[in-house]
Structure formats: structure tokens, C-alpha cells
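**Q** sequence first, then the predicted structure, then my questions.
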Amino acid sequence: MTIKNWAGNITFIPSALLRPRTIDDVRTIVARSPKLHAFGAGHSFNRVADSPGALVTLADMPQEIEIDSARAAVRVGGGVRYAELAAALDAHGFALGNLASLPHITVAGAVATGTHGSGNKNGSLATAVTGIDMVTADGDLIAVPADEISGAVVSLGALGVVTTLTLALIPTYTVRQWVYDDLPHAELVAKFPEISGSAYSVSAFTTWRDPATIDMLWLKQATGQGPRQGEELWRGQAPATWHGARLADGPRHPVPGMLVDFTTEQGGVKGPWHQRLPHFRPEFTPSAGEELQTEYLLPRDDAPAALDALAGLADRIAPLLMVSEIRTIAADDLWLSPCYGRDTVAVHFTWRKDPAAVARLLPAVEDRLAPFQPRPHWGKLFTMASGTIRDAYPRLPDFERLARGYDPAGKFSNEFLTAILEA
């Protein structure tokens with residue numbers, strides 16, 4: 001049996017792909033399997049979800065979305081995707097504080113790999129988690145104790161099979177999305193705190209073809225009771241120019257030349273949070289997976305110097321690149337979160353599907369970013385040495401002890417995890 005990930009750059013060869021339909025099925029499968037790993041939407045670009053034994057997907061489980069209005073919380077099944085969850089929450093007057101660019105990914109998979117959205121004061125998706133139900137190595141269904149949540153949320157699947165998550169909610173809100181073209185690179189570097197904090201969510205997109213110019217700036221401005229920060233930057237029409245950039249004369253796709261039909265509505269048209277915070281509409285697949293992705297997360301204060309460092313590599317980056325996205329995320333206390341202990345800037349690369357060429361380039365990118373102690377996104381491509389990664393995570397030894405307690409025989413481990421946890 002072979003299984004491809006979403007991008008098609010990884011082929012998994014599990015002994016079986018197991019598809020439980022009930023919690024009892026999950027417990028039986030886990031108890032009987034010598035080696036196993038949970039498999040989500042397949043949107044990782046590396047082998048974090050691989051196993052030398054079987055893979056298990058919760059896609060056939062009941063898609064549980066149980067809203068507790070009194071507690072402002074939701075209990076979500078392990079196979080639920082953000083698109084379905086967000087629509088259900090909004091229908092009941094609730095929202096999440098953040099969403100990723102793609103609403104097509106599973107909640108459990110995104111949380112386990114430290115996936116994030118954007119916003120100076122918005123935490124990663126995992127920061128919404130207040131409870132975890134999980135099947136452990138011996139087949140027991142447990143609720144993770146409250147004092148272990150910070151260690152168990154971003155788990156890379158190393159602790160067990162997550163069957164449900166409980167997420168904290170806020171009141172629903174609306175968002176306007178404005179796009180600007182051709183922001184001067186020098187302006188972004190000089191005024192990064194101001195620009196990155198100017199809206200509820202901010203994304204800067206560049207192809208690095210012209211190191212002096214950031215191709216697009218996407219500003220998502222939130223209104224209503226839900227957002228925990230700020231007022232709208234503009235209450236009416238956005239200005240024609242802002243920080244040297246021009247207001248877009250129509251809808252844009254993050255990747256130049258791609259169909260704008262796939263993107264969420266722009267031009268300042270107010271809409272529900274879940275129809276604006278993602279870049280892409282849930283009813284469309286944004287691409288056929290003909291791409292590769294890399295992302296490095298750095299201290300936010302180092303953003304200007306890091307962007308200047310990357311500009312010096314633009315002539316090597318641009319030929320392989322579809323687009324690069326620059327976002328910020330608030331610090332958290334989750335042990336394996338790339339945002340642990342520091343306000344963060346994330347520099348994301350969507351590469352053309354040329355694995356060999358990308359593999360040759362990544363060490364040069366990582367070398368440029370090395371002075372800023374980068375942390376790679378757990379679900380994307382990187383070549384950083386295990387020792388370097390370990391140095392960037394002060395709570396990694398604590399996580400190792402937690403993993404040994406939950407899975408002493410390494411049932412959920414794989415080569416990816418072994419390289420990091422046992423280096």
C-alpha cells in the first residue's frame with residue numbers, strides 16, 4: 001500500500017491504513033498495533049506523520065462539533081476540518097481568534113504541528129486548546145491532565161491518537177480585507193512593528209524577484225465583540241496609497257497569475273471572520289498540490305534584519321519560488337510551539353515542485369537565518385541539524401520525558417521524531 005501526501009512529494013508505505021468508525025475501534029486498533037501514527041489531511045510536506053507500521057485516519061469517525069455556549073467552548077472530533085468547524089461556530093454566534101491560510105486542514109493535525117495564522121496579538125491555532133482526549137499506547141482513552149496541556153498540545157503525534165480537542169471560543173466578529181500592491185521593502189523593514197501591527201491580521205507577500213519591493217500587503221481588519229485588540233484602521237474606504245504601497249484595483253491571489261476565484265473576498269467588503277481570515281475559500285482547493293513549502297519562525301524583533309539577510313539571497317530564491325509570505329504571531333507557552341516564549345515572525349516559502357533544487361537551496365536560506373535562532377515549521381521542509389533544533393526549544397527535554405511516560409515503547413515514534421527527540 002502507498003499513500004501520497006497532499007503535495008505528492010512524500011510517499012508513505014504503511015503496513016495498513018486503518019479507518020476506525022468509533023472510539024472503541026480506535027482503542028482496539030491502537031492496543032493491537034505495534035507501530036502506529038495518526039494521519040490527518042496529509043498537508044505536511046515531510047515525514048512527521050509517517051510510521052514504520054500502520055497509519056490511522058479519523059476521517060470516517062463522526063465529525064463531532066459540540067458547542068457549549070455557557071462555557072464558550074467547543075469539543076471537536078479529531079477528523080474535523082477548520083472549514084466545517086468555523087461555519088458551525090459562526091452559526092451559533094461564536095468564533096476562533098485565529099485561522100490558518102487554508103481552511104481545508106484538520107484541527108487536530110494543525111494543532112499538533114504548531115500551525116498558525118497571523119496577528120501581532122493572536123496566538124497560534126494551538127493556543128485555543130483547553131482540553132485533549134487521547135488514546136494512549138495501551139489503548140486507554142484518557143483526558144490529558146490540565147497541568148500537561150502545555151506539553152501535549154503541539155505533540156507531533158508522539159503521545160497518542162487525539163480523538164477530541166476542546167477549544168476556547170470568543171464571540172463572532174466580522175473582517176474587512178484590503179490588499180495593497182508594491183510595498184517598498186525598505187519601508188517594511190524600517191516600520192515593521194507599525195505595519196505588522198496595523199490590522200488584526202497582516203500578511204506580506206513577495207516573490208523576491210525584485211528585492212526592493214514587497215509584491216502585496218494583505219490587511220484583515222476585525223470589528224465586533226470577538227477581537228481582543230484594536231479598532232479598524234479605516235472605517236470607510238482605504239486610502240489609495242499607504243506606506244508607499246498602492247491600493248489594489250481588483251482582487252489578488254497570493255501567487256501572481258493564479259485564479260483569484262479561489263481567494264476570500266477583498267476590497268474592504270465586510271464578511272464573517274471565517275470567510276476573511278483564511279486566504280482561500282473552503283469550497284475551492286487552492287492548488288493541485290504542485291508545490292513544496294518551507295517556513296521558519298524567528299523572534300519578531302529580528303524581522304527587519306532577517307528580511308534584509310534574505311534579500312541578499314534573492315537571486316537564488318526567486319527562480320524556485322512561487323511566493324513567500326511574512327506574518328507575525330504572539331508568543332505562547334506551549335513546549336514545542338515554534339512561538340514558545342517569544343513574539344514571532346514567520347517567513348514562509350511556497351516553492352515550485354523541484355525537490356532536489358529546493359533541498360540544495362535550503363541550507364543557504366537556513367545559514368542566512370542562523371543568527372536569529374530560527375525554528376522550522378514542524379510540517380514543512382527543512383534541513384536544519386537536529387542539534388540546532390534542540391537548542392531552539394528549551395522545553396524539549398521536558399517533552400521527551402512526557403513522551404516516554406505516555407509511550408514508553410515508542411509505538412507512535414518514527415524516523416522524523418527519533419532524529420529530534422533522541423538526537
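**A** Thanks, I have the structure now. Numbering: from 1, shown residues only.

**Q** surely Ala212 touches Leu183?
**A** No. Look at Ala212 against Leu183 with CB atoms under 8 Å: they stay out of range, at 10.4 Å. Any C-beta I mention is one placed from the backbone N, CA and C, and that applies to glycine too.

**Q** and the two? which has more neighbours close in?
**A** Leu183 (22 against 10; other CB atoms under 10 Å).

**Q** now do the contacts for the more buried one.
**A** Ile195, Ala204, Thr213, Ile214, Met216, Leu217, His243, Gly244, Ala245 (CB atoms under 8 Å, 6 or more residues apart in numbering).

**Q** what sits opposite it in the beta ladder?
**A** Assessed by DSSP bridges, Leu183 has beta-bridge partners Ile214.

**Q** can you pull the pLDDT of the residue nearest the centre of the chain?
**A** Centroid-nearest residue in the chain, with CA atoms, centre = their mean: Thr115, separated by 2.2 Å. Reported pLDDT at Thr115 in the predicted model: 94.

**Q** same thing with the one 10 residues further on?
**A** What the model reports as pLDDT for Leu125 is 96.

**Q** so where do the strands sit in the stretch 1-150 of the chain?
**A** 3-4, 11-12, 17-18, 36-38, 54-56, 65-68, 73-77, 94-95, 129-135, 141-143 (DSSP state E, counting those that start in this stretch).

**Q** need the contact partners of the third one.
**A** With contacts defined as CB under 8 Å, 6+ apart, strand 17-18 is touched by Met1, Ile3, Ile29, Ser33, Leu36, Phe39, Ala54, Leu55, Val56, Thr57.

**Q** which of the contacts of Leu183 sit farthest apart?
**A** Ile195 and Thr213 (14.3 Å; CB to CB).

**Q** quick one: which of the contacts of Leu183 is most hemmed in?
**A** Ile214 leads the contacts of Leu183 on contacts (other CB under 10 Å) with 29 neighbours.

**Q** looking at it, it is touching Leu188, isn't it?
**A** Yes. Contact criterion CB under 8 Å: Ile214 and Leu188 qualify, at 5.5 Å.

**Q** among the contacts of Leu183, which are in strands?
**A** Ala204, Thr213, Ile214, Met216, Leu217, Ala245 (DSSP state E).

**Q** which stretch among the strands of the stretch 1-150 of the chain is buried most, on average?
**A** Of all those, strand 36-38 has the most neighbours on average by mean count of other CB atoms under 10 Å, namely a mean of 28.

**Q** that older thread, can you lay out the contacts of strand 17-18 as TSV showing pLDDT and distance to Pro278?
**A** Listed next are the contacts of strand 17-18 as TSV, based on pLDDT from 0 to 100; distance: CB to CB, whole Å:
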residue	pLDDT	distance to Pro278
Met1	85	32
Ile3	91	26
Ile29	97	32
Ser33	97	35
Leu36	97	31
Phe39	93	23
Ala54	97	32
Leu55	97	27
Val56	97	27
Thr57	96	23
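
**Q** and those as TSV, adding distance to Leu334?
**A** Listed next are the contacts of strand 17-18 as TSV, based on distance: CB to CB, whole Å:
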residue	distance to Leu334
Met1	34
Ile3	29
Ile29	28
Ser33	28
Leu36	24
Phe39	22
Ala54	28
Leu55	25
Val56	24
Thr57	25
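
**Q** ok, so of the residues you listed, who is nearest Arg352?
**A** Looking across the contacts of strand 17-18 and measuring by CB to CB, the closest to Arg352 is Ile3, at 23.4 Å.
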